[in-house]
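S.K.: This is a predicted model, with the sequence first.
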Number of protein chains: 2
Amino acid sequence: MRPLIAITLACSALIAADNKKSLTIAEQGSYFVGGETRHLTPPPNTPANSPAAAPGDITVNQMYVQYQIPLDAARHVPVVMVHGCCLSSKTWETTPDGRMGWNEYFLRKGRSVYLADQVSRARSGFDATIINEVKAGTEPPSKLPNVLMASHQVGWTVFRFGPEFNKPFADEQFPVQALDEFYKQMIPDFNAVLPNPNPTWKNMAALAVQLHGAVLMGHSESGFYPEESALMDPSGVRGIISIEMACRTDMTAPQLATMAKIPILVMFGDHLGDIQGEGPFKNIWTNNFDTCVKFVDQVKKAGGDAELMSLPKLGIRGNSHMLMQDKNNLQLADLILDWTDKHVEKKKAAKQ
Amino acid sequence: MRPLIAITLACSALIAADNKKSLTIAEQGSYFVGGETRHLTPPPNTPANSPAAAPGDITVNQMYVQYQIPLDAARHVPVVMVHGCCLSSKTWETTPDGRMGWNEYFLRKGRSVYLADQVSRARSGFDATIINEVKAGTEPPSKLPNVLMASHQVGWTVFRFGPEFNKPFADEQFPVQALDEFYKQMIPDFNAVLPNPNPTWKNMAALAVQLHGAVLMGHSESGFYPEESALMDPSGVRGIISIEMACRTDMTAPQLATMAKIPILVMFGDHLGDIQGEGPFKNIWTNNFDTCVKFVDQVKKAGGDAELMSLPKLGIRGNSHMLMQDKNNLQLADLILDWTDKHVEKKKAAKQ
């Protein structure tokens, strides 16, 4: 063995042995997927010295992607993680109480990790034109989007931190002592300004193609985006991980045939029926779970490999909606990695 | 020497030898600085089944920070990078044409790097309450903020890609062939909803204290934020790097005395007088430069260590407003690192 190779192998062993300290990566960076040009005409009465006085073009519907690639990336299929409502890619990073997030854990397990801010959120930006138009009086206030802002109180219900505000479940897995830090992750959700279909779906599908195959992972608002992406273009989608959302139960036979070609894991936490939701949140989680029972059954009947993983049925109790931030988040990551090894990667080995 | 130490040293040497490939870091993660709770009352006539029907609290004015720490971090003072108008921390990452950004380059040069999304931008979120209030009719459209959206056309002028739209300067350093990727970085700027003083200033000062000392770097809209942060609390601010902005020329003697205790580098690129700006952009860069000439002079007269670095005067031609993305961005980073070594780090050595 040549000395350089010997040293390199020794380095890999040394680094792997100390999972919690230094981290060696092959490459990192960020870029955008998708995006279109929109031509703007300034609203009437725009002051001549305003930056908006001249007509101009802006770019909209782009998706910001931040990635890290491990040294041994070729061994595994890349994973694309997309956050939910009123959140950003911060979802997958350091937990509110300062533990390792799934982004770094998957990376340390040899996966290339791509974090995408949804179109209309965070570093992807959004089309704010309507706000300036309403301010200028050229459009009525009713045209403004419904901006979703999850209050702390709504968070307790929807994210299942406890049965009611400020009362955690006895076995709650979310680090509720760090909720002030979690609340800072909750940012305005402008998905209401998006065209239909949601450009994030097309961008996720395009990203999977660019990566020559990827596992797409969604959560909550984006939980079913991987499936929607695959319906638009399944060619890059090697596997789907859908976490805590409503499933579609209206797919046609050709659509289910597409789903049946992709391994699908649906994951839900605990206490689905134990929250005191009101209005749109009444029975939200039991209803969502039921739609996924139906969807998974439909995919299976179409010959697919779909699995609905209910954590309490595995004896894992107390998980909130924010599985990737719960105290047992790395245990849950291991379940996903194991599923990926068996259902997605095995296919890769068989093809080669 | 024990074998483990020998291998570790060999690893470090191997990694350092290949600056463009693998990267080893001690730690990475993200968290928030600052933030306050705001209590919301739902607008009248909010439908009972709306998520906004119940009163609730949201968190506002928090600043998202993403960091990476190198193995040999203790040798250098950490650097906090804050982006400008209509942009996010993407500013400092992979350039539009795919080269290494300053975030990774500074890291490879042994600096801990902290990227902060300004309060009201990107992953820091913003207070969108007024939008829902105007939609509900409880506030008039005139109360909506002026949302800044930099058009492609404005970008050419303000970022000095060329004398007019789609005509680059002959010696232009910005990678204009990748402008479509750059346009995707430009996102709505909601700084108009912020309270006064801008919470980012306080948060940057607090971050510097948390880090037991940091160099604060700002650009354009945020170019003078390091100085404003130091005026609020200079105790953590070890050095200031201000890139391409207007300087204040109205500081009092006590304020200038504070400035005089911190090494300050102000940096400007080329073609300041060569753009055909109109309205608010007429002579914007020559005017901005002049304010900084005055400010640097005031700090010097107060006994401070301030330097105005004009790149053309150093024989470095063709730099745009986006110095950190220009084709010679790493050469410019070396100028900053060298200045930091001499003006900030030397002080550290003297103190010890």
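M.R.: Thanks, I have it.

S.K.: okay, CA-based contacts and neighbour counts for the rest of this
M.R.: Noted.

S.K.: next helix or strand past the helix or strand of chain A with the lowest mean pLDDT?
M.R.: Sorted by mean pLDDT, DSSP states H and E, the helices and strands of chain A end with helix A:3-17, the least confident at a mean of 47. Proceeding N to C from helix A:3-17, the next assigned helix or strand is strand A:23-40, under DSSP states H and E.

S.K.: Run through the stretch 151-300 of chain A and note the low-pLDDT ranges.
M.R.: Within the stretch 151-300 of chain A, the set of residues satisfying pLDDT under 70 is empty.

S.K.: got the residues of it near chain B?
M.R.: A:151-154, A:181, A:183-188, A:278-280 (CA under 8 Å from any CA of the partner chain).

S.K.: For the residues you listed, name the two members farthest from one another.
M.R.: A:181 and A:279 (26.8 Å; CA to CA).

S.K.: Quick check: the gap between residue A:192 and chain B.
M.R.: Computed as CA to the nearest CA, to the nearest Å, the residue A:192 to chain B distance reads 12 Å.

S.K.: quick revisit: out of the residues of the stretch 151-300 of chain A next to chain B, who's the most crowded?
M.R.: With neighbours taken as other CA atoms under 10 Å in any protein chain shown, the top of these is residue A:187, carrying 30 neighbours.

S.K.: Contacts only, for that residue.
M.R.: Taking CA atoms under 8 Å, 6 or more residues apart in numbering or on different chains, we find residue A:187 in contact with A:86, A:87, A:88, A:149, A:150, B:123, B:124, B:125, B:126.

S.K.: Next: residue A:259.
M.R.: Residue A:259 sits next to A:227, A:230, A:231, A:299, A:304 when contact means CA under 8 Å, 6+ apart.

S.K.: Which one of those residues is nearest to residue B:321?
M.R.: Nearest member of the contacts of residue A:259 to residue B:321, counting by CA to CA, is residue A:230, at 40.6 Å.

S.K.: Quick check: the gap between that closest one and residue A:259.
M.R.: 8 Å (CA to CA, to the nearest Å).

S.K.: picking that back up, so which of the residues of the stretch 151-300 of chain A next to chain B belong to helices?
M.R.: Among those, the members found in helices (DSSP state H) are A:152, A:153, A:154, A:181, A:183.

S.K.: Tell me how many other residues crowd residue A:37.
M.R.: So residue A:37, with other CA under 10 Å, has 15 neighbours.

S.K.: so what's it bridging to?
M.R.: Counting by DSSP bridges, residue A:37 is bridged to residue A:59.

S.K.: residues in contact with it?
M.R.: Residue A:37 touches A:57, A:58, A:59, A:60, counting by CA under 8 Å, 6+ apart.

S.K.: Helices of the stretch 251-352 of chain A, start to end?
M.R.: Counting by DSSP state H, counting those that start in this stretch, residue ranges of the helices within the stretch 251-352 of chain A are A:253-259, A:284-301, A:329-340, A:346-351.

S.K.: among these, which is nearest residue A:247?
M.R.: Using CA to CA, the helices of the stretch 251-352 of chain A put helix A:284-301 closest to residue A:247, at 4.9 Å.

S.K.: Now for the residue nearest to residue A:177 when sequence neighbours are not counted: which residues touch it?
M.R.: Counting by CA to CA, 6 or more residues apart in numbering or on different chains, residue A:177 lies nearest to residue A:97, which is 7.8 Å off, once chain neighbours are set aside. By CA under 8 Å, 6+ apart, the contact list for residue A:97 reads A:175, A:177, A:178, A:181.

S.K.: of all those residues, which comes closest to residue A:254?
M.R.: residue A:175 (42.9 Å).

S.K.: Is that closest one in contact with residue A:98, as I believe?
M.R.: No. Using CA atoms under 8 Å, residue A:175 is not in contact with residue A:98; the gap is 9.9 Å.

S.K.: Taking the stretch 51-200 of chain A, what residue is nearest to chain B?
M.R.: residue A:122 (3.6 Å; CA to the nearest CA).

S.K.: thinking again about what came up before, if you rank the contacts of residue A:259 by neighbours, which is first?
M.R.: Neighbour max across those (other CA under 10 Å) = residue A:227, 29 neighbours.

S.K.: Off-centre distance for stretch A:208-228?
M.R.: Averaged C-alpha coordinates place stretch A:208-228 at 8 Å from its chain's average position (CA atoms, centre = their mean, to the nearest Å).

S.K.: One more: stretch A:269-287?
M.R.: The answer for stretch A:269-287 is 21 Å, by CA atoms, centre = their mean.

S.K.: in it, what's buried?
M.R.: A:269-272, A:274-278, A:281-285, A:287 (16 or more other CA atoms under 10 Å in any protein chain shown).

S.K.: Quick one: residues in contact with it.
M.R.: A:157-158, A:160, A:162-164, A:244-246, A:310-312, A:317-321, A:323, B:48-51.

S.K.: Just the buried ones from those?
M.R.: A:157-158, A:160, A:162-164, A:244-246, A:311, A:317-321, A:323, B:51.

S.K.: From the contact counts, what lies against the helix or strand encompassing residue A:207?
M.R.: Applying DSSP H and E as the criterion places residue A:207 in helix A:199-210. Helices and strands touching helix A:199-210, by 3 or more CA pairs under 8 Å, 6 or more residues apart in numbering or on different chains; DSSP states H and E, are strand A:23-40, strand A:56-70, strand A:214-219, helix A:225-232, strand A:237-243.

S.K.: rerun that using 10 Å as the cut-off
M.R.: strand A:23-40, strand A:56-70, strand A:79-82, strand A:113-117, strand A:214-219, helix A:225-232, strand A:237-243 (3 or more CA pairs under 10 Å, 6 or more residues apart in numbering or on different chains; DSSP states H and E).

S.K.: Format these as TSV; extra columns: distance to residue B:204.
M.R.: Formatted as TSV, those follow (distance: least, CA to CA, whole Å):
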stretch	distance to residue B:204
strand A:23-40	24
strand A:56-70	23
strand A:79-82	28
strand A:113-117	24
strand A:214-219	32
helix A:225-232	36
strand A:237-243	35
